Structure formats: C-alpha cells, structure tokens
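Colleague: Let me see the structure of the following:
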Amino acid sequence: MNHPVDRIVHAFETLTPDGVQALDAIYAADARFMDPFNDVRGMAAIQHIFRHMYASLEQPRFLITERIVQGQQCFLTWEFRFGFRRFKLGQEQCIWGGSHLVLNEAGQIALHRDYWDAAALYDKLPLVGGVTRWLRKQARQ
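Modeller: From the prediction side, this is the model:
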C-alpha cells in the first residue's frame, strides 16, 4: 500500500461503524463530500453521513471494482452492498456507482464526489419502487 489510493481503497473496503472516526486519516480536515443526497464540507459532516449509513442500513459495505489514477485524482468504481433495516426484503441489495476523488499534497481526499443512480435505490423500496419503475417505463415509450 504505497500509493495513497491503495490506502483509501483499503479504508473503504474495510470500513466498520467503529472505524468511521478514523476516516480523518484519509480525508483532509476541510474535505468536501457530494452524492445525490448530500453536499457537505468538513470531517464532522462526512463522518455523520457514514454513521447515518450504518444506523440506517444492515451490513453496508463497499467493494471497489476498478480504479483509474492520474496524478492527484482518481476514479473508483464500486458495488455498494447492504440490507434495509426498515424494510425486511430478505435479500442483499446492490447499487453500482463511482467516486471521483481529488487528493491534496498529503495524499488525503480533498474532494469526494459520488455518482450513482438514486432511482436504483428507490426501485428497491416498497410502494415507491413501483412508482419509479412505472415512471421509467413511461419515459421509454
């Protein structure tokens, strides 16, 4: 694990609820995190997002499938696997996505932007899923 991206990938793939506090080892203190639901700055806000993930979902985990590294930037593709706590659907869920990371001179994440289809999450929810699937079908016609 010589390259900062190796450390970052390892941190995401082995992240646990107790390890959220240690994210400050891979993020800059004033890092920005963006995804379809969040746009926050600073370690406290970023840690809050990950704590909420563990509180809301069962056994959430990331599997990094590919990486492209160029200078102080990288793009990671990943699978996010989890179960719903509130909706007992009986099976593991998976969402595919990607993260664009910009690293500072110390090799810490200064900018983390996630790209994934929020509708893929809604599709998995009771009631809401039926509506989003119907809307998607209407858009294809």
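Colleague: The closest residue to residue 108 other than its chain neighbours: how many residues sit nearby?
Modeller: Using Cβ to Cβ, 6 or more residues apart in numbering and skipping the chain neighbours, the partner closest in space to residue 108 is residue 28 (4.4 Å). The way it works is simple: take the backbone N, C-alpha and C, and place the C-beta from them, glycine included. Neighbours of residue 28 under the rule other Cβ atoms under 10 Å: 20.
Colleague: isn't residue 28 right next to residue 107, touching?
Modeller: No: look at residue 28 against residue 107 with Cβ atoms under 8 Å: they stay out of range, at 9.7 Å.
Colleague: Identify the residues contacting the residue nearest to residue 108.
Modeller: Residue 28 is in contact with 104, 106, 108-110, counting by Cβ atoms under 8 Å, 6 or more residues apart in numbering.
Colleague: Please, a PyMOL command that selects the buried ones among these?
Modeller: Entered in PyMOL, the line below selects the buried ones among the contacts of residue 28, by 16 or more other Cβ atoms under 10 Å:
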select buried, resi 104+108+109+110
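Colleague: with the contacts of residue 28 in mind, which one is nearest to residue 92?
Modeller: Closest approach to residue 92 among the contacts of residue 28 (Cβ to Cβ): residue 109, at 27.2 Å.
Colleague: List the residues that contact the closest one.
Modeller: 8, 26-28, 31, 101-103.
Colleague: can you check residue 21 too?
Modeller: Contacts of residue 21 by Cβ under 8 Å, 6+ apart are residue 47.
Colleague: That one and residue 50: what is the separation?
Modeller: 10 Å (Cβ to Cβ, to the nearest Å).
Colleague: and the longest strand seen in the chain, how far out from the chain's middle?
Modeller: If you go by DSSP state E, the chain has its longest strand at strand 57-70. Distance of strand 57-70 from the chain centroid (Cα atoms, centre = their mean, to the nearest Å) equals 7 Å.
Colleague: Tell me which residue lies nearest the centroid of this structure.
Modeller: residue 114 (6.3 Å; Cα atoms, centre = their mean).
Colleague: just to revisit the earlier point, report the two of the contacts of residue 109 separated the most.
Modeller: Of all pairs in the contacts of residue 109, the most separated under Cβ to Cβ is 26 and 102 at 12.9 Å.
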